[in-house]
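Novice: Next comes the sequence, and after it the predicted model I'd like to discuss.
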Amino acid sequence: MTTYEEIFENNRIWVERMKERDADFFVKLAADQTPDYLYIGCSDSRVPANEIMGLEPGEVFVHRNVANLVNNTDLNVMAVINFAVKHLYVKHIIVCGHYNCGGVKAALIPKDMGLLNPWLRTIRDVYRMHADELDEITNEQDRYNRLVELNVIEQATNVIKTAAVQKMFHKHGYPVVHGWVFDLHTGILKDLEINFEQILKNIEKIYNLTGVESEHSEDEDC
Ligand code: CO
């Protein structure tokens, strides 16, 4: 276990290593950020975004919360999406879940979890929407794994429901939204290969926000 003091020693070593590789590393890092990717993942300490994607500092804009949820009323995730899309012009938005997710597991247990109840309810709603498919899976671990995947697909769909994503995509052809799952047992990232354009087309009947324009819409898009 790394001690608190060791963290600063680790940091010093990291700074040296980065400067050895590229003397101007921090000059460039401080200049600007132009990441092509927005990653929305679970807070779980075992799923570090940059590391599993093999990306350097500056290459991915990251938002993490318990069970990688994208709630319409969560100002935090909505601000991240809006900033990443409208100011950083990210080309890809990834919702990444992981098998053995404690948040998803907790949602599978129908009991009072206190403050976590409203948070977990989003996952329980995913279960309700896909109950037919999930209830047919007799193996508990398989059912749990499938709920992890379905949760990713629903949260990616929630990203696609935002006005910021719809408007930017119709104007520029990006960002494209993806759904991934990380496997803690193997370290492998699995692309669920969701069909972004098909999902966009399917939801537009109800969620199309591209036609909603007002004088203030630039700053109010959610
Ligand atoms: Co998790």
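Specialist: Received the coordinates, thanks.
Novice: So which residues of the protein form helices?
Specialist: 4-21, 25-31, 49-53, 75-86, 102-108, 117-129, 131-135, 140-160, 163-172, 196-207, 217-220 (DSSP state H).
Novice: Which among these is found nearest to residue 68?
Specialist: Comparison of these against residue 68 by Cβ to Cβ identifies helix 140-160 as nearest, at 5.9 Å. Just so you know, the C-beta spots here come from the backbone N, C-alpha and C atoms, and that holds for glycine as well.
Novice: Show the pLDDT at the residue nearest to the spatial centre of the chain.
Specialist: Nearest to the geometric centre of the chain sits residue 40, at 1.7 Å (Cα atoms, centre = their mean). At residue 40, the pLDDT value in this model is 98.
Novice: is it true that it touches residue 61?
Specialist: No: using Cβ atoms under 8 Å as the test, residue 40 is too far from residue 61 to be in contact (9.5 Å).
Novice: Mutual contacts of those two, please.
Specialist: Contact criterion Cβ atoms under 8 Å, 6 or more residues apart in numbering; residues shared by residue 40 and residue 61: residue 80.
Novice: Go ahead and confirm residue 119 touches residue 73.
Specialist: No: under the criterion of Cβ under 8 Å, residue 119 makes no contact with residue 73, lying 11.6 Å away.
Novice: Who has more neighbours out of those two?
Specialist: residue 119 (18 against 8; other Cβ atoms under 10 Å).
Novice: ok, residue 210 - contacts?
Specialist: Residue 210 neighbours (Cβ under 8 Å, 6+ apart): 163, 166-167, 170.
Novice: Now a ChimeraX select for only the buried ones of these.
Specialist: Buried members of the contacts of residue 210 can be picked out in ChimeraX with the line below, counting by 16 or more other Cβ atoms under 10 Å:
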select :163,166,167
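Novice: Adding distance to the ion, write the contacts of residue 210 out as a markdown table.
Specialist: Formatted as a markdown table, the contacts of residue 210 follow (distance: Cβ to the ion, whole Å):
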| residue | distance to the ion |
| --- | --- |
| 163 | 28 |
| 166 | 28 |
| 167 | 31 |
| 170 | 33 |
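Novice: quick check, nearest of the contacts of residue 210 to residue 131?
Specialist: For these, the nearest to residue 131 is residue 166 (28.7 Å; Cβ to Cβ).
Novice: what are the phi and psi values for residue 46?
Specialist: Main-chain torsions, residue 46, degrees, to the nearest 10: phi -90, psi 0.
Novice: ok, now which ones touch it?
Specialist: 98, 184 are the contacts of residue 46 under Cβ under 8 Å, 6+ apart.
Novice: Could you number the chain from 13 rather than 1 from now on?
Specialist: That works, and once the first residue is 13, the last one we named lands at residue 58.
Novice: right, and residue 109 touches residue 79 too?
Specialist: Yes: at 7.3 Å, residue 109 counts as touching residue 79 under the criterion of Cβ under 8 Å.
Novice: what is in contact with these two at once?
Specialist: In contact with both residue 109 and residue 79: 54, 116, 163, using Cβ under 8 Å, 6+ apart.
Novice: if we can go back for a sec, settle it for me: which of residue 109 and residue 79 has more neighbours?
Specialist: Higher neighbour count among residue 109 and residue 79: residue 109, with 30 against 26, using other Cβ under 10 Å.
Novice: Skip the chain neighbours and tell me the closest residue to that one.
Specialist: The shortest distance from residue 109 to any non-neighbouring residue, by Cβ to Cβ, 6 or more residues apart in numbering, is to residue 164 (4.1 Å).
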